[in-house]
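Undergrad: here are the coordinates; sequence isn't available:
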Ligand code: ADP
Ligand code: MG
């Protein structure tokens, strides 16, 4: 039986407005289950409510209403156990400049009540590639190193659930690869449940088994990555004509656009229309084909489609 790492019911968060500002409804009643052992993506544009949601899970932001169960523990009834089950790598680089990486890990472990013999600071430093910086002044750490240290801090108390808030926003490719490798390893080798927020669709697509999309504080959809991609089923055939066409092909259910480079882009639902029919319409318009290729729909399309309809 699979159980849920996280169960959220009717979650609301209203931030008080500043002077002359209205209050802000950051979460408007969200229900969400996140299965244990998955890599789960919380996807949405800036301001959607992603950070609010995970900061509530982590006990860093106080919810206005609703129920949150972490690893089976109700957050209000068992605050200590529910906090112990989750580790968060925050979006901001909020590191104390006076601590070396090793000290930062030790202090964090102390905060979570991890007894000295159970601390794994060296192992964690090794894992995030900071062994040679263990005693470095924090101010000498690059942005990438700081981010890796934040990942390390999230792991000190051996949580079952690891939450990463926009882990790769603004980081270079090397660090991004390193984070992805670490995340996959933690999931595969320790069965750790991973929840990451991102507004990079590509990242969710590549990393996540399941995805929830939120926008304006509401859950837009939640499904497996494969289903989400299948759901829109949109294909795009790109045709390079031998010469500039006199007229464009017409066929019901096919959207035709002429691109700046002279190529014809024909978008259609693969379930409803065959590639053969699309090509037929092209020939019928008297267009000789120099080259043809297809482009797959990606989450960007799903996302636009689903959020537009709201
Ligand atoms: P995301 O992480 O998806 O970008 P956030 O959860 O940070 O979204 O923000 C959701 C909404 O709540 C935004 O409109 C944001 O401006 C607002 N918000 C976030 N934190 C605060 C806060 N501390 N006080 C007031 N409004 C906030
Ligand atoms: Mg955020």
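TA: That came through fine. Every value quoted in this text rests on a predicted model; they were computed, and no experiment measured them. Ligands and ions are numbered 1, 2, ... in the order given.

Undergrad: Report the closest residue of the stretch 151-300 of the chain relative to ligand 1.
TA: Distance from ligand 1 to each residue of the stretch 151-300 of the chain (CB to the nearest ligand atom) is smallest for residue 197, at 6.4 Å. From N, CA and C alone the C-beta is placed, and that goes for glycine too.

Undergrad: Contacts only, for that residue.
TA: 41-44, 50-51, 54, 91, 164-166 (CB atoms under 8 Å, 6 or more residues apart in numbering).

Undergrad: ok, the residues you listed vs residue 120, which is closest?
TA: Comparing the contacts of residue 197 against residue 120 with CB to CB places residue 164 closest, at 19.2 Å.

Undergrad: Please, which helix or strand holds that closest one?
TA: Here residue 164 sits within strand 161-165, counting by DSSP states H and E.

Undergrad: Please name every helix or strand in contact with that strand.
TA: helix 50-57, strand 86-89, helix 143-155, helix 173-190, strand 193-198 (3 or more CB pairs under 8 Å, 6 or more residues apart in numbering; DSSP states H and E).

Undergrad: closest one to residue 221 among those?
TA: helix 50-57 (14.6 Å).

Undergrad: What are the contacting residues of stretch 101-114?
TA: Against stretch 101-114 from outside (CB under 8 Å, 6+ apart): 84, 95-96, 99, 119, 121, 124-125, 130, 133-136, 138, 141, 145, 149, 152-153, 156-158.

Undergrad: how far is that stretch from where the chain is centred?
TA: Here stretch 101-114 is found 27 Å from its chain centre; the criterion is CA atoms, centre = their mean, to the nearest Å.

Undergrad: now that stretch: mean pLDDT?
TA: Mean per-residue pLDDT for stretch 101-114: 95.

Undergrad: Buried residues in that stretch, which are they?
TA: 101-102, 104-106, 108-109, 114 (16 or more other CB atoms under 10 Å).

Undergrad: need the residues of this structure near ligand 2, please.
TA: 50-51 (CB under 5 Å from the ion).

Undergrad: If we use 8 Å, what do you get?
TA: With the criterion set to CB under 8 Å from the ion, the chain comes near ligand 2 through 46, 50-52, 91, 165-166, 197.

Undergrad: Run through the residues that contact residue 292.
TA: So residue 292 contacts 237-240, 279 (CB under 8 Å, 6+ apart).

Undergrad: Which pair of the residues you listed spans the longest distance?
TA: Longest span within these, CB to CB: 240 and 279, 13.3 Å.

Undergrad: So which residues of the stretch 151-300 of the chain form helices?
TA: In the stretch 151-300 of the chain, the helices defined using DSSP state H, counting those that start in this stretch lie at 173-190, 201-207, 225-232, 275-284, 299-308.

Undergrad: Many thanks, have a good one.
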